[in-house]
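[1] Quick check, what structure comes out for this input:
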Amino acid sequence: DIRWSNETPITSHDFVATLHKYLDGFEAPKDLLLLKNVQSLFDGELEDKSLLGFQALDDHILQFTLEHPAPLFPVIVSFLHYRPVPVQVIEAKGKEAWTHPKNIVVSGPYTLQRWRKKKVLILAKNPAYFDAAKVKIAKISYAILPSSKFALKMYEENALDIIPVSKRYQLSAIRNMLSIREQLAEKPLLETWYLGFNQSRPPVDQPLVRKAIAMAIDKEFLLKKILRLMGHPSNTFTAPPSFGAVDVDSKAEEIGIPFNPEQGQQRLFEAGYHNKTLPKIYISGPADVVLKPLKLMLERNLPIKIGLYGEDEEAGDPEDAHIFLSFKQAVYPDAHYFLSEFDPASNANKLHWNNENYTDLLNKAFRQHDVKQRKELYQAAEHILCQEEIAVIPLFYREIAFLTTPQLQWTYSPTGTQQLWTWSFTAN
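    Here you go, the predicted model:
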């Protein structure tokens, strides 16, 4: 039997209540569209919610019915909206108040003991957790600090047991610190930064213009010299080592657009801009530290003017930008999670792009049981997305490093989740 942290039983009815809670919104979470009739519910074609593809047969058995075969479902069902939340507590306390330490009810290995915003967050072992005997660390404190320099200083003073390192210059400095450099571990982060083209807006509705822009971006220089972030320049969208990612050693050079500003200028010529001015192109995004060097790089390498929101009074609505900067971090390490971002049926598709071959490849891959064939289908989709159509320009895959004290035994997940229940600590 499993129980909430307030000792009440968790039953299959809690899972059903959670799913209904998520389906009460204006849009269906995409991972729930696999379930029978969920799409029909949101299309207004179904009123009887008892016909949805999930039901509690009794307190311990939960039955799912899918719209179609989905070999990835056993993975998907362990993430995101399929995890139960205490619906009764949320409704009794309210959406904001239920997460207060005195109100919160959880099903996991830790519960929230204290939270001082921008200061500290403390987790305490949940004695009601079904596998509590295997949870080795009784209390975990997160220090919320103003800077990475401050974190490194506290680590050197043994005030912290683990800290992340994301900047390349920090990594170089730590490698020269004899006292702690052996405590450094570099890890992949399943995160891809990219530029997406809003193909409803000229001139980026033209493939040759998109290709010219792709050829004008020196990704390695941007990542390593300007941003000084850890990671690798990317030609494809799915971040390795996700399933279905293009093998960097064998196929990456075959997909994507290499840096070649001279050929980029030629592509603009071929697009008809040899004797007329290209309209100003606006880029939106969450990180000025990336946008500003991109603007300079594009204007240096092409006869083009770039506008940034916040700098240009004529920019208009950022939602209407020609190009948007964004990133995708995987919740589960599979190409489907990355590539479905640009499925025309996706709520997240901001490209205004519809390629039937791309959609067909994704649908076939999602239903395909054969591992080799699934990979081939996803890589064919990458070829359309990043080379044939150039619907997006992958910029770089992020990496991260951690400093950990010898006393801490921990496991790392490239999806960013911290598997605290597997950690242990040996005191000096």
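[2] where do the helices sit along the chain?
    Assigned by DSSP state H, the helices in the chain fall at 12-22, 38-42, 73-76, 87-93, 148-156, 168-175, 207-215, 219-221, 261-270, 288-301, 335-339, 356-367, 371-383.
[3] most neighbours per residue, which of those?
    Ranked by mean neighbour count, the helices of the chain are led by helix 335-339 with a mean of 26 (mean count of other CB atoms under 10 Å). Where C-beta positions appear, they are placed from N, C-alpha and C, glycine not excepted.
[4] Give me the helices and strands touching that helix, please.
    Secondary-structure packing of helix 335-339 (3 or more CB pairs under 8 Å, 6 or more residues apart in numbering; DSSP states H and E): helix 356-367, helix 371-383.
[5] residue boundaries of the strands in this structure?
    Using DSSP state E, the strands assigned to the chain run over residues 54-56, 62-64, 110-116, 120-125, 139-143, 162-165, 184-197, 231-233, 281-284, 306-308, 323-329, 392-404, 408-409, 424-425.
[6] In contact with residue 179, which residues?
    If a contact means CB atoms under 8 Å, 6 or more residues apart in numbering, then residue 179 has residue 156 as its contacts.
[7] ok, now how distant is it from residue 406?
    Separation of residue 179 from residue 406 (CB to CB, to the nearest Å): 12 Å.
[8] Just grab the bridge partners of the spatially most central residue of the chain for me.
    The C-alpha lying nearest the average C-alpha coordinate of the chain belongs to residue 329 (CA atoms, centre = their mean; 1.7 Å). Assessed by DSSP bridges, residue 329 has beta-bridge partners residue 191.
[9] Poorly predicted segments of the chain, please.
    Within the chain, the ranges that satisfy pLDDT under 70 run 26, 248-253, 275, 345-348, 428.
[10] one step back: just to check, the residue nearest to the centre of the chain is in contact with residue 189?
    Yes: judged on CB atoms under 8 Å, residue 329 makes contact with residue 189 at a distance of 7.3 Å.
[11] The helices and strands packed on helix 335-339 into a markdown table, with extra columns for distance to residue 244?
    A markdown table is the format used below for these (distance: least, CB to CB, whole Å):
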| stretch | distance to residue 244 |
| --- | --- |
| helix 356-367 | 7 |
| helix 371-383 | 4 |
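[12] closest to residue 299 out of the ones you listed?
    Distance to residue 299, taken as CB to CB, is lowest for helix 371-383 among the helices and strands packed on helix 335-339, at 29.1 Å.
[13] could I get that closest one in CSV with only the CA atoms?
    Listed next in CSV are the C-alpha coordinates belonging to helix 371-383 (Å, rounded to 0.1, in the frame of the first residue of the first chain):
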residue,chain,number,x,y,z
VAL,A,371,14.0,0.2,-32.2
LYS,A,372,16.1,0.5,-35.4
GLN,A,373,13.2,1.7,-37.5
ARG,A,374,12.1,4.2,-34.9
LYS,A,375,15.6,5.8,-34.9
GLU,A,376,15.6,5.9,-38.7
LEU,A,377,12.2,7.6,-38.8
TYR,A,378,13.3,10.2,-36.2
GLN,A,379,16.5,11.0,-38.1
ALA,A,380,14.6,11.4,-41.3
ALA,A,381,12.4,13.9,-39.5
GLU,A,382,15.5,15.7,-38.3
HIS,A,383,16.7,16.0,-41.9
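[14] picking up where we left off before, find the residues that touch each one of residue 329 and residue 189.
    Here residue 329 and residue 189 have residue 416 as joint contacts, going by CB under 8 Å, 6+ apart.
[15] What sits closest to residue 160 if chain neighbours are left out?
    Of all residues not flanking residue 160 in the chain, residue 154 sits nearest, at 4.8 Å (CB to CB, 6 or more residues apart in numbering).
[16] Was I right to think that neighbour contacts residue 147?
    No: using CB under 8 Å as the test, residue 154 is too far from residue 147 to be in contact (10.8 Å).
[17] Distance check, residue 73 against residue 334.
    12 Å.
[18] And residue 177, by the same measure?
    Separation of residue 177 from residue 334 (CB to CB): 37 Å.
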